[in-house]
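> Could you work out the structure for the sequence below:
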Amino acid sequence: MNRPPAPPAVLHTPGFAHYSAAWSPFHNTRLAVASSANYGLVGNGRLHLASFGAGPGGMPGLSLDKFYETQDGLYDLAWSETHENQLVTASGDGSLRLWDIMLNDLPIRAWQEHTREVFSVDWSNIQKDVFISSSWDGTIKLWSPDRLHSITTLQAHTACVYQALFSPHQPDVVASCSTDGTVKIFDLRSPSYVPSGPNVNNFTKPLLAAALTIPASGTEILSLDWNKYRPWLIASAGVDKVIKVWDCRMVKIGPEAAQTPAVGGICETQFVGHEYAVRKVQWSPHRAGLLASASYDMTCRIWTTNQTLNGTHLLYIHDPHTEFVMGCSWSLYDEGFLASCGWDCKLNVFRPML
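Numbering: from 1, shown residues only. Below you'll find the model as predicted:
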């Protein structure tokens, strides 16, 4: 008989609904949470820094280390891959801010190029000196923390870009998803994306041409993620409540991609079970076939690409949240722990019974 799962460790931040959580790539107990007052509709935001460790009675617990106030809501964050104390946040006012958690109050750098809400940021874990942002203005921007302006802008979609992520296998390959129902893959080595001089900045002249466009859904795609073990496998999910796993091996990579962009992608698997829109998907960094999802149905779920004994792909449901679950994040060091966060102003860290 299986033991019941242990209760999650919980951090409550009253008045600030959570949009995103991420574990530090340097410290196995450190997390950061991007949050907003009034559910992100109006008002300020907060960046929370938390530690996960032994609490009262030796049970795992969460403690709030510090927080930073921002003038507008925060929607996403990404830890630096080169500096253990730095991370970048995405804001509703279109700005990006770089923080050093050893300093108080003010960010060490800020950028204001997007014309609408910035909804995602991602730091490259291969080419570790760059990160990308995506915005409701339809663009994706490539940045270096040492530069005052963006390096390149992609006019990725005709509508909101909810998320953009570097491939964990190819340093110049980026995937994005949008309100238009598509997943797109871009190759930054394509001639149309390469700046023509050492000081050239393309942020005033957005560039086009995806190497591959996947018509993933007839409704909005809210999230995607690259599989960490299979280079051309992408999961996508959104308003239609279905998580789809795509094989994108037909994509062309290299200079020829801009001349002959492809449309397609093969849907390998579908995970069905969420009752409302799926807000976040993330592949496990430890197991190739394991995927976590967060949904407006107030649950965080874990799926496998292999069918279970009862014929489904669902392995586990985490349902203590009392509002929309907006984010989920696997621990990078301990495969047993998953963090979830939501509009109930709570960050949960739990060990699912798999």
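> Spit out the contact partners of the residue lying closest to residue 354 once chain neighbours are set aside.
Leaving aside its sequence neighbours, residue 354 sits nearest to residue 315 (Cβ to Cβ, 6 or more residues apart in numbering; 5.6 Å). (Each C-beta comes from the backbone N, C-alpha and C, glycine too.) By Cβ atoms under 8 Å, 6 or more residues apart in numbering, the contact set of residue 315 is 290, 302-304, 308, 352, 354.
> Most widely separated two among these?
Pairwise distances across the contacts of residue 315 peak at 13.6 Å for 308 and 352 (criterion: Cβ to Cβ).
> Between the two, which is the more surrounded one?
Comparing residue 308 with residue 352 by other Cβ atoms under 10 Å, the one with more neighbours is residue 352, at 18 against 11.
> Do I have it right that that one meets residue 338?
Yes. Residue 352 is within contact range of residue 338, at 6.2 Å (criterion: Cβ atoms under 8 Å).
> just curious, which of the contacts of residue 315 is nearest to residue 109?
residue 290 (35.7 Å).
> isn't that closest one right up against residue 306?
No. Here residue 290 does not reach residue 306: they are 9.8 Å apart, not a contact under Cβ under 8 Å.
> higher neighbour count, the two?
With neighbours defined as other Cβ under 10 Å, residue 290 and residue 306 compare such that residue 290 has more, 23 against 10.
> Please report how far that one lies from residue 180.
29 Å (Cβ to Cβ, to the nearest Å).
> if we can go back for a sec, quick one: common contacting residues for residue 352 and residue 338?
Joint contacts of residue 352 and residue 338 (Cβ under 8 Å, 6+ apart) are 302, 318.
> Nearest residue to residue 335 in space, please, no chain neighbours.
Nearest one to residue 335, counting by Cβ to Cβ, 6+ apart, is residue 286 at 3.6 Å.
> Hmm, I typed the wrong one, I wanted residue 14.
That would be residue 345: by Cβ to Cβ, 6+ apart, it lies 5.7 Å from residue 14.
> Give me the number of neighbouring residues for the one you found.
As a burial measure, residue 345 scores 19 neighbours (other Cβ under 10 Å).
> and the residue nearest to residue 354, that's in a strand?
Yes. Under DSSP: H, G, I helix; E, B strand; the rest coil, residue 315 falls within a strand.
> hey, where'd the strands end up in the stretch 1-150 of the chain?
Ranges of strands within the stretch 1-150 of the chain are 9-12, 16-23, 30-37, 45-54, 60-70, 74-79, 86-91, 95-100, 109-112, 118-123, 131-135, 140-143, based on DSSP state E, counting those that start in this stretch.
> closest one to residue 161 among the ones you listed?
Closest approach to residue 161 among those (Cβ to Cβ): strand 131-135, 3.9 Å.
> Which helix or strand in this structure has the lowest average pLDDT?
strand 262-263 (a mean of 69; mean pLDDT, DSSP states H and E).
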